[in-house]
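Novice: Below is the sequence, then the predicted model.
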Number of protein chains: 2
Amino acid sequence: MTVSGSTLESLTQLLGEKGVRREADDFLPEVILKPVSTEQVSGILKICHAAGQAIIPIGGKTGLAQGIHKTGDELGLSLERMNTIEEIDVHNRTMIVQAGCILQVAVEAAEEQGLLLPMDFGARGSATVGGAVATNAGGNRVIRYGMMRDMVLGLEVVLADGTVVNSLNKMIKNNTGYDLKQMFIGAEGTLGVVTRVVVRLRPLASSQNTALLAVPDFPKIIELLHYLDSSTAGTLSAFEVMWPEYYEFITREGSVHKQPLPHGSQYYVLVETLGSDSEADAENFESILGQAMEAELFEDAVLAKSQSERNAIWEIRDDVLELFNLGPIVPYDISVTLDNMEAFVDDIQAGMKTFDDPICIIFGHLGDCNLHVILGTKTPEAFDPHAQEELLYTIVGRYQGSVSAEHGIGLAKREHLHCSRNQDELALMCRMKKMMDPQNILNPNKVLAADFVSANA
Amino acid sequence: MTVSGSTLESLTQLLGEKGVRREADDFLPEVILKPVSTEQVSGILKICHAAGQAIIPIGGKTGLAQGIHKTGDELGLSLERMNTIEEIDVHNRTMIVQAGCILQVAVEAAEEQGLLLPMDFGARGSATVGGAVATNAGGNRVIRYGMMRDMVLGLEVVLADGTVVNSLNKMIKNNTGYDLKQMFIGAEGTLGVVTRVVVRLRPLASSQNTALLAVPDFPKIIELLHYLDSSTAGTLSAFEVMWPEYYEFITREGSVHKQPLPHGSQYYVLVETLGSDSEADAENFESILGQAMEAELFEDAVLAKSQSERNAIWEIRDDVLELFNLGPIVPYDISVTLDNMEAFVDDIQAGMKTFDDPICIIFGHLGDCNLHVILGTKTPEAFDPHAQEELLYTIVGRYQGSVSAEHGIGLAKREHLHCSRNQDELALMCRMKKMMDPQNILNPNKVLAADFVSANA
């Protein structure tokens, strides 16, 4: 630990002993600062800016891109003590919440007022609102409600030099100059520290209809998506596709999951609508699927007839951790346009055949162009994450896809960013980083390496 | 005209005689450059950057904030010859279009493929796609589909020094580093010149239901909005409110417009849904409104039973030009949160009573927090636009509203930007402007005055 003693002393003076904690960890900073107010965050940044001391903003530690790993002598900055829901404005349908609030707590508080904060993903119980903003989180309902960026109306942000920028807009439309908040959303804490968020809330849905469909070929998946998107008039809230390797492993003999549909199909598609009239919507959902069946867009289907049947289908889709029983694997998070998706998957499957005992499992938010690709080998000795990564990202580049659809770049994908962003885009990112954080103290080396920024800004 | 002869010569060499046109105008630049390719735009910027020559990007000339007025010796830069729709990808539901394409042309091209480009506002027939991006246009369907920002997936932009940044992303999800396009959307041509746009397309709606409702008081408007928003499950596509001064003048005796509802109510609300099943949606719309009537959320209603009845209702809402017959007026474009809106309007109406023969007419996209406020005086000699503006924007500031909901800042609202943005936000905007355009050649003095940028960057 080579943080200077005098810097730590100033920080302890500012935050008290409770605000400066030591937590041994192989990957995260050892010293975590825990401010209780925006003023304290500002004070921290002022001290660190003067001392050239780097910090890493830390949310719920649920990220998948090593966005909070240390790369040197950074201090951690956790907003866990800044977790208050400050306002739910039921007239205007907005929430003002401190960045350290757990996502699920915010979602439940909105629900108590009959309102929906439509961000939903597996780590909802530990991820923070600030982390979701910093990574522009996605999840299960993007097709209907968009990503975190689409839910944020305003932000309060502390800049590298400690300046607090209050931009807590609550209005849906506000074209007064540059839309500053956009810069910080998805920047993974490298341009500023988000301290408070204004979130737009929506009406809670009062009906939910869910089905699992077996689809015989890829063109029919696209047809089905377009058909449902058109015929459900904006109420389609999930279109999740599982390739058979995923579905058949998760629902294999002896698994905790029953098989809602038998094995043997090419694709399994989870579809869901959120509506406002339970009886009419259920009828309508059935009739829409009936027409799709007549048009042979799928070959088999099961409709959830109860909440427990719905949960059972979602639990299959969500049981990603089970895949780690297959052998050593790495989960990837890519996007590719729908017209390229089938060829993209073919290329990956063909490429993985060059490995011994390969694992190649694909599923994801197809309606958003987003696939999760799980690669590995059944025999640990054949596991070569570097080679499989090269294979995957080369193919991503070939189809002009994205190496990160929703997880972000962090450290984990930094060296592959160039597969999805060209030199001019990267140079412009470097200039933004340099302008916002000239001393490179805000989550340095994440997204862009420090020396890459210096060379290109 | 004091553009240097050698600069003009270089530009003529680059663009040919057809690409350098003189067009006498009191407000716009006299010399308009008309490139035919991104390479030419890049060449223009390189020449202008080297010469310190300012340019003003010009779209369809339909803006309402003096965003293309000259402030010195700027050259105009019109992309009217770059108007090609380069691709409509029906699988991926995206369009790649050059910035000079007329919005309506793009909308109709999407429609021919059964797809919706959901941007719709009065100037659709002359506004350009690039202009809509540069001003982050809003319009009549924001409540359902969002603003232009929400429809843009990717951009190609030419920077101040002529660098072409190709960021033509076609994927819905793409978290690979900073989302650069956001910086240019709504920046009114001050940070870069948008040359190509990737637009997200949606399924065309196959049903449309429209009604005009008479509502007795303001709290019931909010109740009605929330009720409809919940009960129409995301299909509500317009919630437009007219205060009685608007409705009664537009439908007065002798007007071309019939009165769908009699005069005498407090508020007139145009509501519309876009759906996918014409028979079921019409029934559903009627039943939803029936319940609202039972709950006394409105006191009178008329449902459009044909396209011509629908058009007649929309024509009342859209006949803003008719207001110029009242006397000298200025139309303003403000936002305020719904919880503050009634008090906000009360204050304006009270304030305008201090003028002789005041005109104070209010209507707008209430579902988006956005009101158009028309202020003036019936007697031209009492017309004092400066004083009424001060009155209005002081009240906007009091309620933390926005001096521009959808029209932008340009020159027209620049001096009032501080009513809606604090000093820290403005300083950050100046730093962005300085970084992106150090010589201040991109639409200088718009949004931020040149000396303000110098003093704050």
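Specialist: Sure thing, it's come through.
Novice: I'd like to know how many residues surround A:A412.
Specialist: As a burial measure, A:A412 scores 22 neighbours (other C-beta atoms under 10 Å in any protein chain shown). For every residue, glycine as well, the C-beta is placed using N, CA and C.
Novice: That one contacts A:L64, doesn't it?
Specialist: Yes - counting by C-beta atoms under 8 Å, A:A412 does reach A:L64; the two are 7.4 Å apart.
Novice: tell me the pLDDT at A:C369?
Specialist: For A:C369, the model assigns a pLDDT of 96.
Novice: Contacts only, for it.
Specialist: The contact partners of A:C369, by C-beta atoms under 8 Å, 6 or more residues apart in numbering or on different chains, come to A:S335, A:V336, A:T337, A:L338, A:M341, A:A405, B:N92, B:M171, B:I172, B:K173.
Novice: repeat for A:H226
Specialist: Contacts of A:H226 (C-beta under 8 Å, 6+ apart): B:R93, B:P203.
Novice: Could you give the secondary structure assignment for it?
Specialist: Classification of A:H226 by DSSP: H, G, I helix; E, B strand; the rest coil places it in helix.
Novice: That one and A:P216, how far apart?
Specialist: Going from A:H226 to A:P216 by C-beta to C-beta, to the nearest Å gives 17 Å.
Novice: again, but for A:G43
Specialist: Relative to A:P216, A:G43 is positioned 62 Å away (C-beta to C-beta).
Novice: Likewise for A:I222?
Specialist: A:I222 is 13 Å from A:P216, by C-beta to C-beta.
Novice: neighbour count winner among these two?
Specialist: Between A:I222 and A:P216, counted using other C-beta under 10 Å, the more crowded position is A:I222 (19 against 15).
Novice: so that one sits right up against A:T337, yeah?
Specialist: No - with contact defined as C-beta under 8 Å, A:I222 does not reach A:T337; the gap is 10.9 Å.
Novice: Now the common contact residues for these two.
Specialist: Residues touching both A:I222 and A:T337 by C-beta under 8 Å, 6+ apart: B:H91.
Novice: So what touches stretch A:282-299?
Specialist: A:207, A:209, A:211, A:213-216, A:220, A:223-224, A:227-228, A:231-232, A:265, A:269, A:273, A:275, A:301, A:303, B:277, B:280.
Novice: Any quick ChimeraX command for the buried ones out of the residues you listed?
Specialist: Those of the contacts of stretch A:282-299 that count as buried under 16 or more other C-beta atoms under 10 Å in any protein chain shown are selected in ChimeraX with:
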select /A:207,209,211,213,214,215,220,223,224,227,228,231,232,265,269,273,275,301,303 /B:277,280
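Novice: quick one: which of the contacts of stretch A:282-299 sit in helices?
Specialist: Per DSSP state H, helices hold the following members of the contacts of stretch A:282-299: A:K220, A:E223, A:L224, A:Y227, A:L228, A:S231, B:A280.
Novice: Show the pLDDT at A:G234.
Specialist: Confidence for A:G234, expressed as pLDDT, is 89.
Novice: wait, what's in contact with the closest residue to A:P118 other than its chain neighbours?
Specialist: Nearest residue to A:P118 in three dimensions, chain neighbours excluded: A:Y145, at 3.8 Å (C-beta to C-beta, 6 or more residues apart in numbering or on different chains). Going by C-beta under 8 Å, 6+ apart, A:Y145 touches A:P118, A:M119, A:M151, A:R202, A:S237.
Novice: Near chain B, which residues of the stretch 351-457 of chain A? Just list them.
Specialist: Taking C-beta under 8 Å from any C-beta of the partner chain as the contact definition, the stretch 351-457 of chain A meets chain B at A:365, A:368-370, A:400-409, A:413, A:417, A:420-422, A:424-429, A:431-432, A:435, A:447-448.
Novice: Please tell me how far the residue most central in space within chain A sits from chain B.
Specialist: Compute the mean C-alpha point of chain A, and by C-alpha atoms, centre = their mean the closest residue is A:A137, 3.3 Å away. Between A:A137 and chain B the distance is 9 Å, computed by C-beta to the nearest C-beta, to the nearest Å.
Novice: ditto for A:G114
Specialist: Distance of A:G114 to chain B, given as C-beta to the nearest C-beta: 8 Å.
Novice: One more: A:E390?
Specialist: 17 Å.
Novice: ok now do that residue, which residues does it touch?
Specialist: Applying C-beta under 8 Å, 6+ apart, no residues contact A:E390.
Novice: What of A:P203?
Specialist: Taking C-beta under 8 Å, 6+ apart, we find A:P203 in contact with A:G114, A:L115, A:L116, A:S276, B:H226, B:D229, B:S230.
Novice: same deal with A:S207?
Specialist: A:T273, A:L274, A:G275, A:S276, A:D277, A:S278, A:D281, A:A282, B:A233.
Novice: 6 Å - rerun?
Specialist: A:G275, A:S278, A:D281 (C-beta atoms under 6 Å, 6 or more residues apart in numbering or on different chains).
Novice: That one pairs with what?
Specialist: Beta-bridge pairing of A:S207 under DSSP bridges involves A:G275.
Novice: Can you get me a residue count around A:K18?
Specialist: 10.
Novice: same deal with A:E86?
Specialist: 13.
Novice: tell me the SS of it?
Specialist: Note that with three-state DSSP, the state of A:E86 is strand.
Novice: Roughly how far does the residue nearest to it when sequence neighbours are not counted sit from A:K413?
Specialist: Computed as C-beta to C-beta, 6+ apart, the closest residue to A:E86 that is not its neighbour in sequence is A:I96, at 4.5 Å. Plainly put, A:I96 is 32 Å away from A:K413 if you go by C-beta to C-beta.
Novice: and the two? which has more neighbours close in?
Specialist: Neighbours were tallied for A:I96 and for A:K413 using other C-beta under 10 Å; the higher tally belongs to A:K413 (27 against 19).
Novice: burial count for A:P29?
Specialist: As a burial measure, A:P29 scores 26 neighbours (other C-beta under 10 Å).
Novice: Quick one: residues contacting it.
Specialist: Contact partners of A:P29, counting by C-beta under 6 Å, 6+ apart, are A:I56, A:K70, A:E74, A:L75, A:G76.
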